[in-house]
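Visitor: No sequence on hand, only this structure:
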């Protein structure tokens, strides 16, 4: 009897537990950034993801492959604040604890020293640069069907 | 072990023996018959509703712009969401059915008579509470029928003389369904009504305990011998069996007829076919039989009569010789209920 | 019931409950697996276009809804990526903080699709807007309409007495397929087109003086001339100097490759009395198979390679543009790459083209060899690669022999003689240089532009009824019953007017044509054939049929 009860209600409890646990990791999608010919070597641009995060995309080479590009997150690896690019100092700066990163995203001063800004995966397809970012689904326009 | 027990006894001075005596009430013999355990069924289902409801509330968002999408998320994206939502829906259906069956049983066995008139009225309140839970729960999905059901209901409330307009405004948070309405339904469904229900159930059970279960005797029972048996373990087992059967039935219903999603509510288009949940078929049919205020007032009168039935019955039995008229009235009322429900079920509109 | 029984029942019910949950888990697993395969790509709004979407989803929900279904949306290409404009673009304007232009041109598309744009630019499609000097344009602007606005000659109740726009037929008829010359309205009441702007290689105007004359509304938005926009004609002449409109086939705003693969898409323009390719296709076995097997066409496939993704039936795109297994799946945006006859002009020519993709008309063989960059035979070979997915080489070669014979028959028996008669009439001054003011000009136009093309197109795409009844039969009737009598009548009128020398020249030409063996039956009769027909009719139907 105890076994039956434990089995039945135990399994039910497991179902409840699975329900509470987030269904899946946030979905990621490949998003178009720019045609390659619009980003010269040495130039960079700021791409805003659908979720609102800013990605610093820099072209460092001219081979035409994805390895030419870096796409750095603006989330500080220390405690998650937003870093911003300071062009006058050629560095990323985190205002929370005065963290400083060089242009490659390596922490060079402050608490995140030795850490690196995380990168986004990039891909070149048909001469266009794509970046993989978190998806924020767009709801359909409220058309009547 | 003893240290822990002593530590606990010092702080929570409850004697285990007293606790056992309190919970282990002797149960009348007729409760060995299964259909006399119907009162425990809605209580068990209510627990299921609390558990699944709390979990569903983790994902539900009571706003017109997100409600339907959040229900869709539960149904399509969340782990086992479709299953829990279906269990919740089917448990609600079974709960209402069980409450009604329990009430019918109480009625025909005359268990509402003195000294149990108050508990009958508590039971009536439980019935109304359960129906309102069903209604508010259905409104939360925010599909077409939820929206139009709520609109129609609010306008029914509006036809009540004097206080109707006030009630409607309280219910809808405005003159018409608006973006603050769903939050009310949600709070009613997930906090206020369950709170009432818990309190009422507590009173209901306390009264049963104080007054004892109505003892009934059947012809085929031995005339002599112990008329009672202990609650634990015998009746507990019975309830466990009922609980498990309910779980299996719920799982079966949830997998074979899972809760689906209707089209998103559209305030500009009333669907061609509009019908409430089955447990409101009777009221729906009643509304169609007569117009506005008359229907509402007569329905109010019927509910009042049901509440007051123990006293009416007592008055009747004192005054007349037709002492068992209640049975025939009950049969007539039950047939009418079933008839109107079926009539509405088969009606195309 | 004893307690022991109850315990056993509880135990087994617990087991059943467990089993039911195992069933639930099984359903959940199936559901997840199905979802993984079926779930469409998540549509996200690119941050760059979030503001556009929020507003336009209220004002034009259809645009946003279409876009959501596009692969642009799947890949994060939003509104500004295409509508963004340079400040120097004459039609650009500020729109809630974005510098945009309404008309998106092939130059804009080329930013991401350079190969497609290049192929398209050298195709006959891109040149479709150059019809100013064509018979069709003369018909629409002058014969059907009026090059100058004119006043109504009586009032229409409910309508103001405004000048009539004589170009309406050209705008809505010719230009919606061929493409308009996109024009901005000017402050002086005129229009500004690429001719005034003289855009450089990057599409930026070199003649900046005209920019001040652009008429703008209160928001500073330049006003497009309604005669030229809306327009998705395939050869549109854009303000930035680019030619064409990608949305002619890839309708905005879903840019659906699926739709471009279907014959209905081409059927917006390739239909009707003068080139019923759509109807011809529907009559052919190819079209019949497509209609039946549409479900097997895999039209949503990413690459849609014939022989890999589908082989149920060919559509227009399959034969003329799409990739297949013999060419590594390479799509071309120049539909002329696989066409070996030009069936558009009065007399068909092989599609030997020069480096500029023009037809080589030189007669001298060595001169031809010098000029030809891509031969008709090479084009035919490319088409045969498509055919070979479903047909054997012998079959395909024999078909091309049948097709060549039909085109040659039309050319030699009717087109060249007809052309010669019309030229002779003009040379001898028997008809005026103005087109369509003499009956014989309408006759000739019907013969080659409508009926002659129907015959040739019908033959090229295996539609027997178009080849014969709508084609050669009508060509013959037009030739024998209208063109020849009208030409002879004109010679008689010339005789009466005292121009017998000119009349005789033309009459001799007609006589020499009708004396040719293929026309001899018309004057000398064909009694043997006729009596045979009468006998056959009598045998079959009991009467002689005459």
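Guide: Happy to help now that I have it. Everything quoted here is computed from the prediction, not taken from an experiment.
Visitor: quick one: is stretch B:245-255 near chain C?
Guide: Yes: applying Cβ under 8 Å from any Cβ of the partner chain, one finds that stretch B:245-255 is in contact with chain C at B:245, B:247, B:248, B:251, B:252, B:254, B:255. From N, CA and C alone the C-beta is placed, and that goes for glycine too.
Visitor: element containing residue B:170, please.
Guide: Here residue B:170 sits within helix B:164-172, counting by DSSP states H and E.
Visitor: right, and the helix or strand after that helix?
Guide: Using DSSP H and E, the helix or strand that follows helix B:164-172 towards the C-terminus is helix B:181-187.
Visitor: packing partners for the helix or strand following that next one?
Guide: Following helix B:181-187 in sequence order, the next helix or strand is helix B:193-211 (DSSP H and E). Contacts defined by 3 or more Cβ pairs under 8 Å, 6 or more residues apart in numbering or on different chains; DSSP states H and E place helix B:193-211 against helix B:40-57, helix B:117-140.
Visitor: closest one to residue B:191 among the ones you listed?
Guide: helix B:40-57 (9.7 Å; Cβ to Cβ).
Visitor: Show me the shaky parts of the chain.
Guide: You didn't pick a chain, so chain A it is. Where chain A drops to pLDDT under 70, the residues are A:24-26, A:137-145.
Visitor: you looked at the wrong chain, it should be chain B
Guide: Filtered on pLDDT under 70, chain B yields the residue ranges B:22, B:24-25, B:29-37, B:214-229, B:231-232, B:349.
Visitor: Contact residues of it facing chain A?
Guide: Taking Cβ under 8 Å from any Cβ as the criterion, chain B approaches chain A at residues B:51, B:55, B:58, B:69, B:77-81, B:83-84, B:240, B:244, B:247, B:263, B:266, B:268-269.
Visitor: Give me the PyMOL select line for those, limited to the buried ones.
Guide: Buried members of the residues of chain B next to chain A can be picked out in PyMOL with the line below, counting by 16 or more other Cβ atoms under 10 Å in any protein chain shown:
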select buried, chain B and resi 51+55+69+78+79+80+81+83+84+240+244+247
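Visitor: In strands only, show me the residues of chain B next to chain A.
Guide: In strands, defined here by DSSP state E, there are no members of the residues of chain B next to chain A.
Visitor: Out of the residues of chain B next to chain A, list just those in helices.
Guide: In this view, the residues of chain B next to chain A that belong to helices under DSSP state H are B:51, B:55, B:69, B:81, B:83, B:84, B:240, B:244, B:247.
Visitor: Pretty sure the fourth one sits against residue B:70.
Guide: No: using Cβ atoms under 8 Å, residue B:81 and residue B:70 do not qualify as a contacting pair, with a distance of 10.3 Å.
Visitor: Pretty sure residue C:477 sits in a helix.
Guide: Yes: membership of residue C:477 in a helix is supported by DSSP: H, G, I helix; E, B strand; the rest coil.
Visitor: Any idea how many residues pack against residue 6?
Guide: By default, I'm working from chain A. Residue A:6: 13 surrounding residues under other Cβ atoms under 10 Å in any protein chain shown.
Visitor: Sorry, I should have been clearer: chain B.
Guide: For residue B:6, the count of nearby residues is 10 (other Cβ under 10 Å).
Visitor: Which helix or which strand is home to it?
Guide: Per DSSP H and E: residue B:6 is located in helix B:2-11.
Visitor: Can you point out the helix or strand that includes residue A:45?
Guide: Residue A:45 belongs to strand A:44-48 when assigned by DSSP H and E.
Visitor: got the buried residues for that strand?
Guide: A:44, A:47.
Visitor: give me the residue from chain A nearest chain B.
Guide: Minimum separation of chain A from chain B (Cβ to the nearest Cβ) falls at residue A:18, amounting to 4.3 Å.
Visitor: nearest spatial neighbour of that residue, skipping sequence neighbours?
Guide: Once its chain neighbours are removed from consideration, residue A:18 has its nearest residue in residue B:79; the separation is 4.3 Å (Cβ to Cβ, 6 or more residues apart in numbering or on different chains).
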